[in-house]
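Engineer: could you look at this predicted model? Sequence included:
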Amino acid sequence: MLKLPHLNINGKGGLLESLETIPDPRTRQGTYSLKSLIACIFLSMVDGCKFVNEIPGWLRNLHGSQRKRLGFQDRIPDESTIRRVLRSADSENLNTTLKPWFEKTGLSEKAIAIDGKRMCGARRSNENPPEMLNIVEHGTGQVLGQEIVESPGNERAAAIKWLSNTTLYRCLITADALHTSKEMAELITGKCSSDYLFVIKANNRELFEIMKTLNMQETRGAPHASTFERGHGREESREIWCSQNLGWHGNVSNFFPKAKQVATVVRTQKDLASGKKSFEIVYLVTSLSRIEMGPEKMLQGNRGHWTVEAKNHYVKDGYLAEDKSRCRAENLPHNLSILRNVALKILRKIQLALCTKKGRETIPEAHRVLKSLGGACRLLSC
């Protein structure tokens, strides 16, 4: 018989206990506790609710004993109550409170992808949509944390804030070109005692031009490693050329502290229906040596970064309908995004522990398994 993994939700030091420390934003004590309201939101998301207006109906369908375990007696909150609390609750405070729970399994010796996501449905007229920086483990897709992007396009400041307030050790941090900077490299190799694998694009013009003139794919012979994939109506090959001779490469170490390797990756895609081919050249820089990260591992690390897209951003839009949400007022979009990450972390743990059938290791499958075990309210005993 299947048994739910330990999720550290109830009990001493668990998720629900940490929610009790969040200051209640309401001017007068409401009928429902803040802990109960927040718990019913992320548990309803785990059970498949996509929008706030679905939560009261989810509560009504629970057994009376389940509602009591959540902290609701004879009455349940309506949609306006839930919206009012989410709108006024401090997003920064909620994120800080949940941070230890997200990092409970430890952050040592992991490959971590950092990338921002916009909540397009929460866009107001003449304004950019709110953003959230998501931190995800390569491969498994487990959510390790998030940070609020205070101003549009300022993901790097949010990433620096998360890295500065998090204890890391011997991790590999991957990020897209927006985060490729000397400041990030110094923080990762210094305070965080970790390593980086950055993408170099035209936003770092001087270094990009240096990498561009090297033509490693033309001057260094056969690729040092390659991969080939076929699926989703296309064929994709990736080839990589690496070099540790940074002095010859325009003194790359002046741009990035402790840089030990640069690489050129050539991606070739072929559409199986039309036969059309497309090419892309990507430049990489890392603080790991050839012995620590060979060409195969560098190619794997570059590919693994997109776990954050496939197993976080895509799932939040598809399964949790984040981009379809029209919640715009005050702190509402950020609070909902944080709680979606809570729901996604729970489902991902269930998926990794219980969904072992080949080809069915997905979030919807984790939801089906949980439903067969009694639904999200069973998590209150975990």
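Structural biologist: Received it, and whenever you're ready, just let me know what you need.
Engineer: which SS class is the spatially closest residue to residue 124 that is not a sequence neighbour?
Structural biologist: Nearest residue to residue 124 in three dimensions, chain neighbours excluded: residue 328, at 5.6 Å (Cβ to Cβ, 6 or more residues apart in numbering). The way it works is simple: take the backbone N, C-alpha and C, and place the C-beta from them, glycine included. Recorded secondary structure, residue 328: coil (DSSP: H, G, I helix; E, B strand; the rest coil).
Engineer: contacting residues around residue 328?
Structural biologist: Under the criterion of Cβ atoms under 8 Å, 6 or more residues apart in numbering, the contact list for residue 328 reads 122, 123, 124.
Engineer: rerun that using 10 Å as the cut-off
Structural biologist: Contacts here follow Cβ atoms under 10 Å, 6 or more residues apart in numbering; on that basis residue 328 touches 87, 119, 121, 122, 123, 124, 127, 129, 130.
Engineer: how far off centre is stretch 297-304?
Structural biologist: Put simply, stretch 297-304 sits 17 Å off its chain's centre (Cα atoms, centre = their mean, to the nearest Å).
Engineer: same check, this time on stretch 65-82
Structural biologist: 30 Å.
Engineer: please enumerate the helices of the stretch 1-150 of the chain.
Structural biologist: Secondary structure of the stretch 1-150 of the chain by DSSP state H, counting those that start in this stretch: the helices cover 15-19, 34-46, 55-60, 64-70, 79-88, 91-102.
Engineer: can you tell me which of these is most buried?
Structural biologist: helix 34-46 (a mean of 23; mean count of other Cβ atoms under 10 Å).
Engineer: could you export it as CSV, CA atoms only?
Structural biologist: As requested, the backbone C-alpha atoms of helix 34-46 are provided in CSV (Å, rounded to 0.1, in the frame of the first residue of the first chain):
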residue,chain,number,x,y,z
LEU,A,34,-4.9,33.5,9.3
LYS,A,35,-3.2,30.1,9.5
SER,A,36,-6.5,28.3,8.5
LEU,A,37,-7.1,30.6,5.6
ILE,A,38,-3.6,30.2,4.2
ALA,A,39,-3.6,26.5,4.7
CYS,A,40,-6.9,26.0,2.9
ILE,A,41,-5.5,28.0,-0.1
PHE,A,42,-2.4,25.9,-0.7
LEU,A,43,-4.2,22.6,0.1
SER,A,44,-6.9,23.4,-2.4
MET,A,45,-4.2,24.1,-5.0
VAL,A,46,-2.7,20.7,-4.2
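Engineer: in this protein, where is pLDDT below threshold?
Structural biologist: 1, 29, 217-220, 246-253, 358-359, 382 (pLDDT under 70).
Engineer: for it, what's the longest helix?
Structural biologist: In the chain, taking DSSP state H as the definition, the longest helix is helix 332-354.
Engineer: now the angle from that one to helix 34-46?
Structural biologist: 60 degrees (axes from the mean of the first three to the mean of the last three Cα atoms, to 10 degrees).
Engineer: now for helix 332-354, which elements pack on it?
Structural biologist: Packing partners of helix 332-354 (3 or more Cβ pairs under 10 Å, 6 or more residues apart in numbering; DSSP states H and E): helix 15-19, helix 34-46, helix 79-88, helix 91-102, strand 131-137, strand 143-149, helix 314-318, helix 363-372.
Engineer: same thing but 6 Å
Structural biologist: Here helix 332-354 touches helix 34-46, helix 79-88, helix 91-102, strand 143-149, helix 363-372, going by 3 or more Cβ pairs under 6 Å, 6 or more residues apart in numbering; DSSP states H and E.
Engineer: in a markdown table, list those along with distance to residue 304.
Structural biologist: Converted to a markdown table, the helices and strands packed on helix 332-354 look like this (distance: least, Cβ to Cβ, whole Å):
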| stretch | distance to residue 304 |
| --- | --- |
| helix 34-46 | 26 |
| helix 79-88 | 33 |
| helix 91-102 | 20 |
| strand 143-149 | 14 |
| helix 363-372 | 19 |
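Engineer: among the ones you listed, which is nearest residue 334?
Structural biologist: Closest approach to residue 334 among the helices and strands packed on helix 332-354 is made by helix 91-102 (4.0 Å; Cβ to Cβ).
Engineer: between the helices and strands packed on helix 332-354, which gets nearest to residue 71?
Structural biologist: helix 34-46 (3.3 Å).
Engineer: quick check, distance from the closest one to the centre of its chain.
Structural biologist: A distance of 20 Å separates the centroid of the chain from that of helix 34-46, by Cα atoms, centre = their mean.
Engineer: what inclination does that helix have with respect to helix 79-88?
Structural biologist: Using the same axes, to 10 degrees, helix 34-46 lies at 100 degrees relative to helix 79-88.
Engineer: so helix 34-46 versus helix 91-102, what angle?
Structural biologist: For helix 34-46 against helix 91-102, the angle by the same axes, to 10 degrees is 70 degrees.
Engineer: which of the contacts of residue 328 has the largest number of neighbours?
Structural biologist: residue 130 (24 neighbours; other Cβ atoms under 10 Å).
Engineer: wait, what's in contact with it?
Structural biologist: 119, 122, 333 (Cβ atoms under 6 Å, 6 or more residues apart in numbering).
Engineer: once you drop chain neighbours, what's closest to the last one?
Structural biologist: This points to residue 333. Leaving aside its chain neighbours, residue 333 sits nearest to residue 122 (3.9 Å; criterion: Cβ to Cβ, 6+ apart).
Engineer: just say helix, strand or coil for residue 256.
Structural biologist: Secondary structure of residue 256, per three-state DSSP, is coil.
Engineer: residue 380: neighbour count?
Structural biologist: Other residues within reach of residue 380 by the criterion other Cβ under 10 Å amount to 16.
Engineer: roughly how far apart are residue 347 and residue 312?
Structural biologist: If you measure residue 347 against residue 312 using Cβ to Cβ, to the nearest Å, the figure is 12 Å.
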